[in-house]
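J.: attaching a predicted model along with its sequence, questions to come.
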Amino acid sequence: MRIAYKKRHLNVNLILGLVWAIAFFAQRFTEDSMKWTDYFWLVLSLTYLGIYVYQKQYKYIRLEKGIIKICSPFGKQMELDKIQKIKKFAGDYILKGQNKELTINTQIIDPKSLLELDTALQQLNVEWM
């Protein structure tokens, strides 16, 4: 199961990427010569567009084969059977294990996906705080 980002969260990254691309090309065509620092706008644009594509493709969270994983380049993961407590604090889910803690930001999760996540977490036989 994959838990998706809100469309607004994705669209913000897309819009920022396009705005920085427009800024780069506007500067490129209005100036006679480009300085190396002017390419900062292009790098910024490609970064935001890359984040958009990555988040759209891989979603926010994966629940597969008994593992919950936050899909980011340095994302954490935790085995579902190692979860001992689930704490809901300030809209976030904090999954606590023996030596690990995994925080899930529910503010950026699509409402339909949030219902799926709630159902999956409720099925775990763990203590809720």
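T.: Received the coordinates, thanks.
J.: immediately after the helix or strand in which Lys56 is found, which helix or strand?
T.: For Lys56, the element it lies in under DSSP states H and E is helix 40-58. Per DSSP H and E, the first helix or strand lying C-terminal to helix 40-58 is strand 61-64.
J.: adjacent strands (with direction) for that next one?
T.: Paired strands of strand 61-64, with direction, are strand 2-3 (antiparallel), strand 67-70 (antiparallel) (DSSP bridges).
J.: got the CA coordinates for the longest one in PDB?
T.: Think strand 67-70. Extracted C-alpha coordinates of strand 67-70, given in PDB (Å, rounded to 0.1, in the frame of the first residue of the first chain):
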ATOM      1  CA  ILE A  67       7.500  -2.800   6.800                       C
ATOM      2  CA  ILE A  68       6.500   0.800   7.000                       C
ATOM      3  CA  LYS A  69       8.900   3.100   5.100                       C
ATOM      4  CA  ILE A  70       9.000   6.800   4.600                       C
END
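J.: dump the strands paired with strand 61-64 to CSV, plus distance to Glu101 and mean neighbour count.
T.: Using the backbone N, CA and C atoms, a C-beta is placed for each residue, glycine as well. Listed next are those as CSV, based on distance: least, C-beta to C-beta, whole Å; neighbours: other C-beta atoms under 10 Å:
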stretch, distance to Glu101, mean neighbour count
strand 2-3, 18, 18
strand 67-70, 12, 18
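J.: out of these, which gets nearest to Ala23?
T.: Ala23 lies closest to strand 67-70 among those, at 31.4 Å (C-beta to C-beta).
J.: what's the first helix or strand after that closest one?
T.: Tracing the chain past strand 67-70, the next element assigned as helix or strand by DSSP H and E is strand 77-79.
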